[in-house]
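Peer 1: Could you work out the structure for the sequence below:
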Amino acid sequence: MTTTINAGGELTGDYVLDPTRTRIGFIGRAMLLAKVRGHFDDFQGSAHLDGDEPSRSDVRLVIQSHSVQTHNTKRDDHLRSGDFLAVDEHPAILFASTGVERITGTDFRVTGDLTLRGVTGPVTVELRLTDAESDAPGGSRVGFTGRAVIDRTHWGISWGRGMVGRKVMLEFAVAATRA
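Peer 2: This is a model prediction of the structure:
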C-alpha cells in the first residue's frame, strides 16, 4: 500500500536514482530539420532533497558517455567519436548542482555545472515533481520530469555546422528511492 506525500518536508532525505525507471535523453536537429532522439543507458545519480528549504538540496549525476543510444549504429559510433562526445578521452559526463529553487509547489529550477568533453559550463534544468509516495515499510520514492536546452558549441562540439543544430534539448524522467 502506498500513500501520496506532498512536496514539503516529507521529501527530505537522501535519494539514489533508480536506473530501471529513469530515462536521460536528448533531442537534436540534424539535416533537413529532422529531429534525432537518443538517450544514455548507463548512469548513476544521487540527491539530497530538502522539501522545506529546497535551496539546501543537492543533485549529482554521472553519465557514462559510451552508453549513448539513438538506435542507429553508425550515428551512435559517430556520437562517441572525437567529433562529439570523445568517449575515449572523456568517459563520463558530470552534473553537479550549484543551486535549487522552488518555482511553484511542484516546479523547481536546478542550476549546476555540466562537465562534457572536459569542459565545465552552467546549465539550468527546469524540473517538475510528478510523483512522491511512501510505502508501508517506510521507503519513499520520488519522480521528476524536466528539461534543459544547451548549446553544444559551449562544450567544444562544433562538428557539422549547418548540418547539425547547435541547440540540444536534454530530457529527464527521473525516479529515485530514499537511500
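Peer 1: Run a quick neighbour tally on the closest residue to Asp107 other than its chain neighbours.
Peer 2: Of all residues not flanking Asp107 in the chain, Arg128 sits nearest, at 5.3 Å (CB to CB, 6 or more residues apart in numbering). C-betas here are computed from N, CA, C, even on glycine. Using other CB atoms under 10 Å, Arg128 has 14 other residues around it.
Peer 1: list the buried ones in the strand or helix carrying Arg128?
Peer 2: Arg128 is part of strand 119-135, with elements assigned from DSSP states H and E. For strand 119-135, burial by neighbour count (16 or more other CB atoms under 10 Å) applies to Val123, Val125, Leu127, Leu129, Asp131, Ala132, Ser134.
Peer 1: What strands flank that strand, and is each parallel or antiparallel?
Peer 2: strand 2-4 (antiparallel), strand 107-116 (antiparallel), strand 140-151 (antiparallel) (DSSP bridges).
Peer 1: can you map out the strands along this protein?
Peer 2: 2-4, 13-17, 23-29, 35-40, 43-49, 58-64, 68-69, 92-102, 107-116, 119-135, 140-151, 167-178 (DSSP state E).
Peer 1: and these as a markdown table, adding mean pLDDT and distance to Arg80?
Peer 2: Converted to a markdown table, the strands of the chain look like this (pLDDT from 0 to 100; distance: least, CB to CB, whole Å):
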| stretch | mean pLDDT | distance to Arg80 |
| --- | --- | --- |
| strand 2-4 | 45 | 40 |
| strand 13-17 | 96 | 23 |
| strand 23-29 | 95 | 14 |
| strand 35-40 | 95 | 11 |
| strand 43-49 | 97 | 16 |
| strand 58-64 | 98 | 11 |
| strand 68-69 | 98 | 6 |
| strand 92-102 | 98 | 12 |
| strand 107-116 | 98 | 13 |
| strand 119-135 | 93 | 17 |
| strand 140-151 | 95 | 18 |
| strand 167-178 | 96 | 16 |
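Peer 1: Good, wrapping up.
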